[in-house]
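Colleague: Have a look; sequence and predicted model below, questions after that.
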Amino acid sequence: MKIGILAIGDELISGMTQDTNSSFMARELSAEGWQISGILIVGDDGQLIEKGLAHLMGISDAIIVTGGLGPTSDDMTTESIAKAFGLTLYTDEAILSRMKEGFRAFGLPWADTNTKQARFPEGAVIIDNPVGTACGFSLERGGVIIAVIPGVPREVHRMLPEGVVPLLRKTFGETGETRRRRTIKSFGLTEAEVAKRLSDLDIGPGIEIGFYPRFPENHIVVTARGGSEKEVDERLGRIEEGIVERLGKYVFGYDDDTMEGIVASILTKRNMTLAVAESCTGGLITDRITNVPGSSAFLERGVVVYSNRAKTELLGVPPEVIETEGAVSETTALLMATGVRDLAKADVGLAVTGIAGPTGGTEGKPVGTVFIALANDTGSFCRELHFRWDRRRNKEMTAQIALELLRRSLVGIDIHG
Ligand code: ATP
Ligand code: MG
């Protein structure tokens, strides 16, 4: 089965917003065993929407349209699709009253322009939106299924698997092939090193391996297909084992795992607390940690100590140390880690100080010099690093390595290596 994707929105063709919906949908649909016939992006323009649709109709068994279901006049997806197929629009009273109720419940003023989102082409089947106001819909024309959903990525992430995929499965049948996908997430090796370590892996038939660098991580996606569920699971398990064996301590998680999520779950399980002191990362480490639900169970505090005075006042780093050794130095980093740990009475103190660039470097300490320190009940430890990226990437890499050092210290991997 071939599926065409039509992404609609002026912001997509002007480059203001990146079309992430199409790549997400293509990945999900490919994982179902379906082929993508094409991905087309057009602006909020009735004629171009119709032309795009006509093009995809010729090469697809199903088309998924995303975007332009909003209440304003520049959102014209529904009208254009109705026009393309010569259908009239009707107002779905049940959906209209549900929308009005929703607005009332959230204390939002009702505007009559919203009525537009309760209008659908005749014969359309509604696709429920569990996380937003605009429902989607599907139609069948000349044997082609057209499914239309909003453009908000969060809504697409729910409506594609919950509304669209089941519909396509029902119409076109299951692919009949068992597939399993596993993502193995590694950090600390370059893509080339990963590939080299895996070069002697005996892959065998029905297995595909893809390498996906996701700065600063490297992900390895294994797909196994064909045969019974048991066979596919066994083959996937065997390959996964082989990969993990070869990448060793560089593997930190699987599938939806994140570095911060892994660290969070270990700290929570062990009833341990963490305190963070950040200079060059400006709060990035604490931001990542607090993205994990339930982080209040272990995060005692995160302080941004950007100036020398803040390092002294908030963490007790002596001014003499900063003067003689520098704010970016091993001694300062260690004192930051032990300082924040002591003040917070936490089990672990984590601290970073560095020069993110592009300015501020000196001959002895060039841009990209970073010190990451960790203090726990066994003592303290510091690592000096030198990066060569732009400011943002230097910050991201610093945060990532800080979290990785914390992970390694928690799971008992030697952090001195
Ligand atoms: P709504 O009912 O919320 O208005 P909509 O279907 O009209 O939904 P749009 O107005 O087109 O959606 O877009 C809503 C948001 O989603 C915007 O912030 C837009 O930039 C973003 N968005 C739209 N299409 C895409 C896409 N293909 N990829 C990523 N983001 C998108
Ligand atoms: Mg739009």
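Modeller: Good, I have the coordinates. Bear in mind that the values here come from a model prediction, so they are computed numbers and not experimental data. Ligands and ions are numbered 1, 2, ... in the order given.
Colleague: Residue of the stretch 1-150 of the chain closest to ligand 1, please.
Modeller: Gly70 (2.6 Å; Cβ to the nearest ligand atom). Every C-beta, even on glycine, is put in place using the N, C-alpha and C of the backbone.
Colleague: State the distance from the spatially most central residue of the chain to ligand 1.
Modeller: The residue lying closest to the centre of the chain (Cα atoms, centre = their mean) is Asp256, at 8.7 Å. As judged by Cβ to the nearest ligand atom, to the nearest Å, Asp256 and ligand 1 stand 20 Å apart.
Colleague: Lowest average confidence across helices and strands of the protein, where is it?
Modeller: strand 207-214 (a mean of 90; mean pLDDT, DSSP states H and E).
Colleague: if we can go back for a sec, tell me the pLDDT of the residue nearest to the centre of the chain.
Modeller: If you check Asp256, the pLDDT there is 94.
Colleague: quick revisit: partners of the least confident helix or strand of the chain, with directions?
Modeller: strand 217-225 (antiparallel) (DSSP bridges).
Colleague: Now do the contacts for Thr312.
Modeller: Pro318, Pro319, Ile322 (Cβ atoms under 8 Å, 6 or more residues apart in numbering).
Colleague: Can you point out the buried residues in the helix or strand containing the last one?
Modeller: By that I understand Ile322. Taking DSSP states H and E as the definition, one finds Ile322 inside helix 319-325. For helix 319-325, the neighbour count (16 or more other Cβ atoms under 10 Å) marks Val321, Ile322 as buried.
Colleague: Could you check which residue of the stretch 151-300 of the chain lies nearest ligand 1?
Modeller: Gly151 (2.6 Å).
Colleague: That residue: what's it in contact with?
Modeller: Counting by Cβ under 8 Å, 6+ apart, Gly151 touches Ala7, Ile8, Gly9, Asn21, Thr66, Gly67, Gly68, Leu69.
Colleague: Let's see that with 6 Å instead.
Modeller: Gly9, Thr66, Gly67 (Cβ atoms under 6 Å, 6 or more residues apart in numbering).
Colleague: Tell me which residues of stretch 172-191 come out buried.
Modeller: Thr178, Arg179, Arg180, Arg181, Arg182, Thr183, Ile184, Lys185, Ser186, Phe187, Gly188, Leu189.
Colleague: I meant stretch 3-14, not that one.
Modeller: Applying 16+ other Cβ under 10 Å to stretch 3-14 flags Ile3, Gly4, Ile5, Leu6, Ala7, Ile8, Gly9, Leu12, Ile13 as buried.
Colleague: could you dump the least confident helix or strand of the chain to CSV, C-alpha only?
Modeller: The C-alpha coordinates for strand 207-214 follow below in CSV (Å, rounded to 0.1, in the frame of the first residue of the first chain):
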residue,chain,number,x,y,z
ILE,A,207,17.1,-7.7,9.7
GLU,A,208,17.8,-4.1,8.9
ILE,A,209,20.2,-1.8,10.8
GLY,A,210,20.1,2.0,10.5
PHE,A,211,22.5,4.5,12.1
TYR,A,212,20.9,7.8,13.2
PRO,A,213,23.2,10.4,14.7
ARG,A,214,21.1,12.7,16.9
